[in-house]
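Asker: Next comes the sequence, and after it the predicted model I'd like to discuss.
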Amino acid sequence: MKKRFNLTDLDCASCAAKMEQAIKKLPGVRDASVSFLTQKLTLDADDARFDAIVQEVVKVCKKVEPDCVIHV
């Protein structure tokens with residue numbers, strides 16, 4: 001399943017790159033893209049575990065950028 005999420009308070013391009021790298025390493029994630037410019041996350045992940053993977057993505061993003069909010 002592929003979905004796009006809006007982000008709020010993503011403050012720098014470097015943080016976006018760190019998030020993207022960490023998300024791509026999560027089990028079940030086929031591809032991920034975090035755009036600082038558009039403040040969007042595109043996630044392509046395993047259909048059966050998609051909701052659980054999204055929760056892991058939220059945790060990863062909070063570690064890198066505590067103020068960033070993913071609108072699920």
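Answerer: All right, it came through fine.

Asker: quick one: average confidence on stretch 39-59?
Answerer: Mean per-residue pLDDT for stretch 39-59: 97.

Asker: cool, stretch 21-36 as well?
Answerer: The average pLDDT for stretch 21-36 rounds to 98.

Asker: List of residues touching it?
Answerer: Here stretch 21-36 makes contact (C-beta atoms under 8 Å, 6 or more residues apart in numbering) with 7, 10, 12-13, 15-17, 19-20, 40-46, 49, 52-53, 56-57, 60-61, 63-64. No exception for glycine: its C-beta is placed from N, CA and C like everyone else's.

Asker: Check which residues of the helix or strand containing residue 56 are buried.
Answerer: According to DSSP states H and E, residue 56 maps onto helix 50-64. The neighbour-count check on helix 50-64 (16 or more other C-beta atoms under 10 Å) flags 50, 53, 54, 56, 57, 60, 61, 64 as buried.

Asker: got the contact list for the third one?
Answerer: Looking back up the chat, that one is residue 54. Neighbour list for residue 54: 43, 45, 70, 72 [criterion: C-beta under 8 Å, 6+ apart].

Asker: what about the last one, how many neighbours?
Answerer: Read that as residue 72. Residue 72 is flanked by 11 other residues according to other C-beta atoms under 10 Å.

Asker: ok, back up a step: out of the buried residues of helix 50-64, which is nearest to residue 1?
Answerer: Checking the buried residues of helix 50-64 against residue 1 by C-beta to C-beta gives residue 50 as the nearest, at 5.0 Å.

Asker: just checking, that closest one touches residue 1?
Answerer: Yes: between residue 50 and residue 1 there is a contact under C-beta atoms under 8 Å: 5.0 Å.

Asker: Secondary structure of residue 31: a strand, I assume?
Answerer: Yes: using DSSP: H, G, I helix; E, B strand; the rest coil, the assignment for residue 31 is a strand.

Asker: Return the distance of stretch 35-54 from the chain's centre.
Answerer: Centroid separation between stretch 35-54 and its chain, computed with C-alpha atoms, centre = their mean, to the nearest Å, is 5 Å.

Asker: Could you export it as PDB, keeping only the C-alpha atoms?
Answerer: What follows is stretch 35-54, C-alpha atoms only, in PDB (Å, rounded to 0.1, in the frame of the first residue of the first chain):
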ATOM      1  CA  SER A  35      10.100  16.100   1.300                       C
ATOM      2  CA  PHE A  36      11.100  19.100   3.400                       C
ATOM      3  CA  LEU A  37       9.900  21.400   0.600                       C
ATOM      4  CA  THR A  38       6.300  20.100   0.400                       C
ATOM      5  CA  GLN A  39       6.200  18.900   4.000                       C
ATOM      6  CA  LYS A  40       5.000  15.400   2.900                       C
ATOM      7  CA  LEU A  41       5.800  11.800   3.600                       C
ATOM      8  CA  THR A  42       5.200   9.200   1.000                       C
ATOM      9  CA  LEU A  43       5.200   5.700   2.400                       C
ATOM     10  CA  ASP A  44       5.100   2.400   0.400                       C
ATOM     11  CA  ALA A  45       4.800  -0.500   2.900                       C
ATOM     12  CA  ASP A  46       3.400  -4.000   3.400                       C
ATOM     13  CA  ASP A  47      -0.400  -4.000   3.200                       C
ATOM     14  CA  ALA A  48      -0.900  -6.500   6.000                       C
ATOM     15  CA  ARG A  49       1.100  -4.500   8.500                       C
ATOM     16  CA  PHE A  50       0.500  -1.000   7.200                       C
ATOM     17  CA  ASP A  51      -1.100   0.500  10.400                       C
ATOM     18  CA  ALA A  52       1.600  -1.000  12.600                       C
ATOM     19  CA  ILE A  53       4.300   0.300  10.300                       C
ATOM     20  CA  VAL A  54       2.800   3.800  10.300                       C
END
